[in-house]
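In: return atomic coordinates for the entry below.
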Amino acid sequence: MTRWRFLTPKQGLVLLLWLLALALVGWTLRQLPLNDIVSQLGLLTWPDWLLWTLVNITIFYLAVKRWQLLGQALQVPLSLANLFRLRQAGSAVSFLTPGPHFGGEPLQLYWLCRHFGKPLHSAAAMLGLDRFMETATNISVLLAGVLMLLGTAILPVQEWLQVTAILASVLLAMVLAATLMLRHPDWLANRFRPLVQRWRNTSKVEPGETANENDQGKGRALVSLMQQALAVQRPRLWLALLLSLAGWGALLFELALLLHLLGVSVSPADLVLIMVGMRLAMLLPVPGGIGTIEASLLWSFRFLGLPVSAAIGLIALIRLRDALVLLVGLGCLWSFHRPRFQPEPASAK
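Out: Numbering: from 1, shown residues only. Purely as a prediction, here's the structure:
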């Protein structure tokens, strides 16, 4: 007798999110003149494609270089090539899981420890600081963008004040959590005892040392490493923050470039509105932002009175880039299934 295999609740939720995303894509595409896709993409010449490629390479370089600087500040040096592989492999996993920003971090932590021989506390500090800086920068820039738009009277104040309050609350919570971790690590560890227990189950206990002592030692080592970096490596940390902001500048430039290549002229405020809408859509728990980004672009173009035909061209270009980046990420993901890598020397640049 054939047995029916039922999905677990987690698998069912992921499947439901994918179905909703694909349904949203279908609804969005029905609103757009698909016949204009070829004509819109035909506006781009080979120099345009080359310039767009160079801009994207710059965006990737800024993100990977920021991570390298943070790793050097935390005494976890890795080469740009290996960090690129780590980042893109994790990003591929994140793209395919609910929410395009998170999901690949556990695998990145595993690879840092197993493939590159980094201690658990050092790898966690390196990965955590990078994700914290990126997320905090994203929330801060989005908050600044919404406040700027509210000042230009483009958006209805009452409706977008809620978005402002949510972004400000998330940013405040992140700053508070970081402050507690650095100033009162023992108090915070006691409040998150279940997380410590998980570390205990995956960490090796040294001979003659109890599991609890091992957990506390790793936790103290992580906090000590972070505190030392903040005290001694401030120039590198500030430079990493500047690179994170420069990455946002490159993203805005890329959007302005694509709009220009598609023959769309917008004001700086309109450009910020389109970018804010896209990035807010990416915060929703949908794999790869599928459907939400398309709906956001459709809304913003209609709101600003821009040609809807240009929206479909922009969507096509964005998804083409996402597909290529995903293929690169899957290639990086496959590379970690090969024989184990030797740890890099401490002098890795």
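In: when you work out contacts or count neighbours from here on, use the C-alpha atoms and nothing else.
Out: Will do.
In: the bottom helix or strand of the protein by mean pLDDT?
Out: helix 193-202 (a mean of 53; mean pLDDT, DSSP states H and E).
In: can you list the residue ranges for helices in the protein?
Out: Here the chain has its helices, by DSSP state H, at 9-30, 36-41, 46-73, 80-96, 105-114, 120-151, 157-183, 185-191, 193-202, 211-232, 234-261, 268-282, 292-304, 308-335.
In: elements contacting the fourth one?
Out: In terms of contact count using 3 or more CA pairs under 8 Å, 6 or more residues apart in numbering; DSSP states H and E, helix 80-96 is assigned the packing partners helix 46-73, helix 105-114, helix 308-335.
In: if we can go back for a sec, so can I have JSON lines of the helices of the chain showing mean neighbour count?
Out: Formatted as JSON lines, the entries for these read as follows, by neighbours: other CA atoms under 10 Å:
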{"stretch": "helix 9-30", "mean neighbour count": "15"}
{"stretch": "helix 36-41", "mean neighbour count": "16"}
{"stretch": "helix 46-73", "mean neighbour count": "18"}
{"stretch": "helix 80-96", "mean neighbour count": "21"}
{"stretch": "helix 105-114", "mean neighbour count": "19"}
{"stretch": "helix 120-151", "mean neighbour count": "19"}
{"stretch": "helix 157-183", "mean neighbour count": "14"}
{"stretch": "helix 185-191", "mean neighbour count": "14"}
{"stretch": "helix 193-202", "mean neighbour count": "13"}
{"stretch": "helix 211-232", "mean neighbour count": "17"}
{"stretch": "helix 234-261", "mean neighbour count": "18"}
{"stretch": "helix 268-282", "mean neighbour count": "18"}
{"stretch": "helix 292-304", "mean neighbour count": "20"}
{"stretch": "helix 308-335", "mean neighbour count": "18"}
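In: so, low pLDDT: which residues of the chain?
Out: For the chain, residues meeting the criterion pLDDT under 70 lie at 1-7, 10-40, 98-101, 153, 157, 184-219, 338-349.
In: please name whichever of the helices and strands packed on helix 80-96 is nearest to residue 176.
Out: helix 46-73 (20.7 Å; CA to CA).
In: just want the angle from the closest one to helix 308-335.
Out: On the basis of axes from the mean of the first three to the mean of the last three CA atoms, to 10 degrees, helix 46-73 is oriented at 50 degrees to helix 308-335.
In: what about the residue nearest to residue 326 when sequence neighbours are not counted, distance to residue 286?
Out: Leaving aside its chain neighbours, residue 326 sits nearest to residue 92 (5.6 Å; criterion: CA to CA, 6 or more residues apart in numbering). Noted for residue 92: a distance of 14 Å to residue 286, by CA to CA, to the nearest Å.
In: likewise for residue 121?
Out: Applying CA to CA, the value for residue 121 to residue 286 is 31 Å.
In: and for residue 298?
Out: Distance, residue 298 to residue 286, using CA to CA: 17 Å.
In: residue 262 now?
Out: Taking CA to CA, one finds residue 262 at 27 Å from residue 286.
In: the more surrounded of those two?
Out: Each of residue 262 and residue 286 has its neighbours counted (other CA atoms under 10 Å); residue 286 has more, 26 against 20.
In: can you report phi and psi for that one?
Out: phi -120, psi 130 (degrees, to the nearest 10).
In: please report how far it lies from residue 96.
Out: Per CA to CA, residue 286 is found 9 Å from residue 96.
In: residue 161 too?
Out: In this view, residue 161 and residue 96 are 31 Å apart by CA to CA.
In: can you check residue 321 too?
Out: Counting by CA to CA, the gap from residue 321 to residue 96 is 15 Å.
In: one more: residue 303?
Out: 30 Å.
In: swap in residue 282?
Out: With CA to CA as the criterion, residue 282 and residue 96 are 13 Å apart.
In: next one: residue 308
Out: Per CA to CA, residue 308 is found 28 Å from residue 96.
In: one more: residue 119?
Out: Taking CA to CA, one finds residue 119 at 28 Å from residue 96.
In: same deal with residue 102?
Out: The spacing between residue 102 and residue 96, counted by CA to CA, is 10 Å.
In: what do the two both touch?
Out: Among the neighbours of residue 102, none is also in contact with residue 96 (CA atoms under 8 Å, 6 or more residues apart in numbering).
In: returning to that earlier point: to residue 240, which of the helices and strands packed on helix 80-96 lies closest?
Out: Taking the helices and strands packed on helix 80-96 one by one with CA to CA, helix 46-73 is closest: 4.7 Å.
In: centre of the chain to that closest one, how far?
Out: Offset of helix 46-73 from its chain centre (CA atoms, centre = their mean, to the nearest Å): 14 Å.
In: what angle do it and helix 120-151 make?
Out: Our comparison of helix 46-73 with helix 120-151, counting by the same axes, to 10 degrees, yields an angle of 130 degrees.
In: start at 8 instead
Out: Renumbered: residue one is now 8, and that last one reads helix 53-80.
In: helix 53-80 vs helix 87-103, what angle?
Out: Here the directions of helix 53-80 and helix 87-103 differ by 110 degrees (the same axes, to 10 degrees).
In: which strands or helices does helix 53-80 pack on?
Out: Applying 3+ CA pairs under 8 Å, 6+ apart, we find helix 53-80 packed against helix 87-103, helix 127-158, helix 241-268.
In: out of those, which gets nearest to residue 336?
Out: The nearest among these, by CA to CA, is helix 87-103 at 4.5 Å.
In: that'll do, ta.
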